[in-house]
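S.K.: Following is a predicted model, sequence given first.
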There are 2 protein chains.
Amino acid sequence: MTDDAVYDVAGIGNAIVDVISREDDGFIDRLAMTKGAMTLVDSAQSAAIYENMGQSLEQSGGSAGNTLAGLASFGGKGLFIGKIDDDQLGDIFSHDIRAIGVDFETPRMSNGVGTGCCLVVVTPDAQRTMNTYLGVAIELSPDDVPEAQIKASAVTYMEGYLWDPPKAKEAFLKATDIAHGVGRKVSISLSDPFCVERHRSEFLDLVDNQVDILFANEDEIMALYETASFEDAVAAVRGRCELAALTRSEKGSLLVTKDETVEIAPVPVDKVIDTTGAGDQYAAGLLYGLTHGAGLAESGRMASLAAAEVISHLGARPATSLKQLLE
Amino acid sequence: MTDDAVYDVAGIGNAIVDVISREDDGFIDRLAMTKGAMTLVDSAQSAAIYENMGQSLEQSGGSAGNTLAGLASFGGKGLFIGKIDDDQLGDIFSHDIRAIGVDFETPRMSNGVGTGCCLVVVTPDAQRTMNTYLGVAIELSPDDVPEAQIKASAVTYMEGYLWDPPKAKEAFLKATDIAHGVGRKVSISLSDPFCVERHRSEFLDLVDNQVDILFANEDEIMALYETASFEDAVAAVRGRCELAALTRSEKGSLLVTKDETVEIAPVPVDKVIDTTGAGDQYAAGLLYGLTHGAGLAESGRMASLAAAEVISHLGARPATSLKQLLE
């Protein structure tokens, strides 16, 4: 797919700094959180949850940002598009995405609401429960989509979470038009089953008409097609886009095209510490493979490798070089 | 030691947020850093180093802050005294120290220089090299020392790094007078061999006249007494304060009183990941033991346990409950 592309992947997403703490299940119950989900919260709710969280660590995150971090860790070249505020969390986000070799030029906006942050609660079962305050990320608009760079990107990748902030989906659609106008690929991750519930009809339309490569986990694809079984969801999505990459945690994943189904085995992990970012890194591996001439099975293996690495430690971005791991 | 004390330990230190990245040895050479040391940098130097650092993670730190975090993790009660700015890093520092159950009431100062931060570079040998921009931490003054709380603290503990900012040592001396005035103990960590070089004559005087419990590693104690061997340094410090706790990394540690030498074995670690905070956590364990009726050998074992925990992962504060680990 790369041919003349400058970027393997242009990722559009909410620019987010993760604030991670380990808590027991009682914490999830006490704060009436939906375990395993990403819930949007406002500034006051975010402050109230943070107040209750234990000692934390902070790391740049955001779904698409994490995917680009993974892509860069494999040695791929990415561009990130997302909105940060002119504050210390914005400095951290901006530093980190550039430090790993991803281009990031979206103008900052100083409106005082702050760079977005995600309060990530990791329970002893390694499950993550997320509460996101989008902050200035919701200001991402079509003006922030750089035409020349999108044209120069083999794949334009967007997180489904973008459907939450009102103007971001316009940015998404603009990018999609630009990319398809020059024969590039468009990819989306469904992000979260509740995100799918919020935007089902639009997502269904997107998959049919805009998306070439779809990423979804078992819960998300079943939520999208409102099926009772994974098998029914696979049947429902087949042929609706060029490729559907469907992940099933420890059961591995399925790459589904119109005529083909490639089963990808999971890469075993000694101990699962924190599942945050598993889907993001899976997407990173698959997109790296596909943009570097690998076939479906080989790209799927890279996807599983990246997912396995990230769930073996705290945080949603690779802690070791995926390029070295691959070698 | 606890008897009627409200706090086991009041810790006075530079309030610092750590910015941690993994780099190779070439990075240390290229940026002409002194490997393994803590170097003070100004705002511009800090920005230049950060610019060169890879993707980072942020975690509240500061030597005394880390020690109080360890103490709290054992179940002890601490008070932290240190200066933060009214910014996001200050929010993080303040949240984290309180979230682990440590009291922290020092008034913030909003002078725009920012909360202090320490750029921590961890090399593949697990060694940490630190570049600290003290920021607003240097504004800590005697006015910030709360008399009633110091009187109510079994031990007042201070990091040697406090000798770097000009007004902080006055705060230290005020706290020492208050503590000794009511028969409480005073403890200091020498922090870093270069810190000892900068303040040797004052540190020598302190150990002789103000300090009850001294923490130093091999390099620091040898720097203090300018001896060529560890044994000579042990002989030099013996009897100059009530207890000298001398750490030697994988060789364990020595607890030295006027008449006694207790050898403490290290607690074995599967794989050393990051030595940041080893000394801070050692101090946490020893002070927890001593303020909870444990003898020297038992307190030393707690110290080794806390140090072993913290070097087995990235970051300078415990990632698991030291209380549970002890049980």
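M.R.: Okay, I see it.
S.K.: residue boundaries of the helices in the stretch 101-250 of chain A?
M.R.: Using DSSP state H, counting those that start in this stretch, the helices of the stretch 101-250 of chain A run over A:147-151, A:168-181, A:193-198, A:200-209, A:218-225, A:230-237.
S.K.: now the ones you listed in JSON lines, with distance to A:Leu286?
M.R.: The way it works is simple: take the backbone N, C-alpha and C, and place the C-beta from them, glycine included. Rendered in JSON lines, the data for the helices of the stretch 101-250 of chain A read as follows (distance: least, CB to CB, whole Å):
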{"stretch": "helix A:147-151", "distance to A:Leu286": "20"}
{"stretch": "helix A:168-181", "distance to A:Leu286": "18"}
{"stretch": "helix A:193-198", "distance to A:Leu286": "20"}
{"stretch": "helix A:200-209", "distance to A:Leu286": "17"}
{"stretch": "helix A:218-225", "distance to A:Leu286": "15"}
{"stretch": "helix A:230-237", "distance to A:Leu286": "16"}
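S.K.: And the average pLDDT for the biggest helix by length in chain A is what?
M.R.: Ranked by residue count and defined by DSSP state H, the top helix of chain A is helix A:296-311. Helix A:296-311 shows an average pLDDT of 98 in the prediction.
S.K.: check contacts around the spatially most central residue of chain A.
M.R.: If you average the C-alpha coordinates of chain A and look for the closest C-alpha using CA atoms, centre = their mean, you land on A:Ser63, 3.0 Å from that point. For A:Ser63, the contacting residues are A:13-14, A:159, A:161, A:189, A:191, A:279-280, taking CB atoms under 8 Å, 6 or more residues apart in numbering or on different chains as the criterion.
S.K.: what do you get for A:Phe80?
M.R.: Residues near A:Phe80 by CB under 8 Å, 6+ apart: A:10-11, A:13, A:15, A:64-65, A:68, A:97, A:102-104, A:106.
S.K.: Near the residue in the stretch 151-300 of chain A that chain B sits nearest to, how many other residues are there?
M.R.: Distances from the stretch 151-300 of chain A to chain B, computed as CB to the nearest CB, single out A:Ile273 as the nearest residue at 10.1 Å. By other CB atoms under 10 Å in any protein chain shown, 16 other residues sit near A:Ile273.
S.K.: farthest pair in the contacts of A:Ser63?
M.R.: Between all members of those, the longest pairwise span (CB to CB) is found for A:Asn14 and A:Gly279 and amounts to 14.8 Å.
S.K.: What residues does the stretch 151-300 of chain A have near chain B?
M.R.: Remark: no part of the stretch 151-300 of chain A is in contact with chain B, using CB under 8 Å from any CB of the partner chain.
S.K.: Could you do the stretch 1-150 of chain A as well?
M.R.: Proximity of the stretch 1-150 of chain A to chain B is assessed by CB under 8 Å from any CB, with A:21-22, A:50-51, A:53-60, A:69, A:87-89, A:92, A:95-96, A:99-100, A:114 identified as the residues in range.
S.K.: if we go to 10 Å?
M.R.: When proximity is defined as CB under 10 Å from any CB of the partner chain, the stretch 1-150 of chain A approaches chain B at A:17-22, A:47, A:50-60, A:69, A:72-73, A:85, A:87-92, A:95-102, A:114-115, A:117.
S.K.: Can you point out the buried residues in stretch A:26-39?
M.R.: A:27-28, A:31, A:33, A:36, A:38 (16 or more other CB atoms under 10 Å in any protein chain shown).
S.K.: Could you export those residues as JSON lines, including distance to A:Ala244 and pLDDT?
M.R.: As requested, those are exported to JSON lines (distance: CB to CB, whole Å; pLDDT from 0 to 100):
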{"residue": "A:Phe27", "distance to A:Ala244": "35", "pLDDT": "97"}
{"residue": "A:Ile28", "distance to A:Ala244": "31", "pLDDT": "97"}
{"residue": "A:Leu31", "distance to A:Ala244": "35", "pLDDT": "96"}
{"residue": "A:Met33", "distance to A:Ala244": "30", "pLDDT": "96"}
{"residue": "A:Gly36", "distance to A:Ala244": "22", "pLDDT": "94"}
{"residue": "A:Met38", "distance to A:Ala244": "21", "pLDDT": "94"}
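S.K.: From these, which land in helices?
M.R.: The members of those that map onto helices under DSSP H are A:27-28.
S.K.: Of the buried residues of stretch A:26-39, just say which sits nearest to chain B.
M.R.: Set against chain B, the nearest of these by CB to the nearest CB is A:Phe27 (11.8 Å).
S.K.: Please name the residues that touch the closest one.
M.R.: Applying CB atoms under 10 Å, 6 or more residues apart in numbering or on different chains to A:Phe27 gives the contacts A:21, A:33, A:49, A:52-54, A:121, A:123, A:129.
S.K.: In strands, which of these appear?
M.R.: Helix and strand membership here follows DSSP state E; of these, those in strands are A:21, A:121, A:129.
S.K.: In the residues you listed, which residue is surrounded by the most others?
M.R.: For these, the largest number of neighbours (other CB under 10 Å) sits with A:Val121, at 27 neighbours.
S.K.: which ones are touching that one?
M.R.: Taking CB under 10 Å, 6+ apart as the definition, contacts of A:Val121 comprise A:19-25, A:27-28, A:31, A:33, A:35, A:49, A:52-54, A:56, A:127-131, A:276.
S.K.: one step back: make JSON lines out of the helices of the stretch 101-250 of chain A and add mean neighbour count.
M.R.: Rendered in JSON lines, the data for the helices of the stretch 101-250 of chain A read as follows (neighbours: other CB atoms under 10 Å in any protein chain shown):
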{"stretch": "helix A:147-151", "mean neighbour count": "16"}
{"stretch": "helix A:168-181", "mean neighbour count": "20"}
{"stretch": "helix A:193-198", "mean neighbour count": "19"}
{"stretch": "helix A:200-209", "mean neighbour count": "15"}
{"stretch": "helix A:218-225", "mean neighbour count": "22"}
{"stretch": "helix A:230-237", "mean neighbour count": "17"}
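S.K.: want to throw those helices into JSON lines with mean pLDDT?
M.R.: Formatted as JSON lines, these follow (pLDDT from 0 to 100):
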{"stretch": "helix A:147-151", "mean pLDDT": "98"}
{"stretch": "helix A:168-181", "mean pLDDT": "95"}
{"stretch": "helix A:193-198", "mean pLDDT": "94"}
{"stretch": "helix A:200-209", "mean pLDDT": "96"}
{"stretch": "helix A:218-225", "mean pLDDT": "97"}
{"stretch": "helix A:230-237", "mean pLDDT": "98"}
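S.K.: Between those helices, which one is closest to B:Ala316.
M.R.: When these are ranked by proximity to B:Ala316 (CB to CB), helix A:193-198 comes first, at 36.2 Å.
S.K.: Could you pick out the buried ones from the residues of the stretch 1-150 of chain A next to chain B?
M.R.: Neighbour counting over those (16+ other CB under 10 Å) leaves A:17-22, A:50, A:53, A:55-60, A:69, A:72-73, A:85, A:87-92, A:95-97, A:99-102, A:114-115, A:117 as the buried ones.
S.K.: quick one: contacts for the nearest residue to A:Phe194 once chain neighbours are set aside?
M.R.: Take A:Phe194 and drop its neighbours on the chain: the residue closest to it by CB to CB, 6 or more residues apart in numbering or on different chains is A:Ala37, 5.3 Å away. Shown in contact with A:Ala37 (CB under 10 Å, 6+ apart): A:128-131, A:192-195, A:219.
S.K.: With chain B as the reference, measure out to A:Ala37.
M.R.: When CB to the nearest CB, to the nearest Å is applied, the distance between A:Ala37 and chain B equals 23 Å.
S.K.: swap in A:Ala5?
M.R.: Look at A:Ala5 and chain B: by CB to the nearest CB, they are 24 Å apart.
S.K.: And A:Met1, what's its pLDDT?
M.R.: At A:Met1, the pLDDT recorded in the model is 48.
S.K.: closest to A:Leu325 out of the helices of the stretch 101-250 of chain A?
M.R.: Comparison of the helices of the stretch 101-250 of chain A against A:Leu325 by CB to CB identifies helix A:218-225 as nearest, at 25.4 Å.
S.K.: Understood, closing this out.
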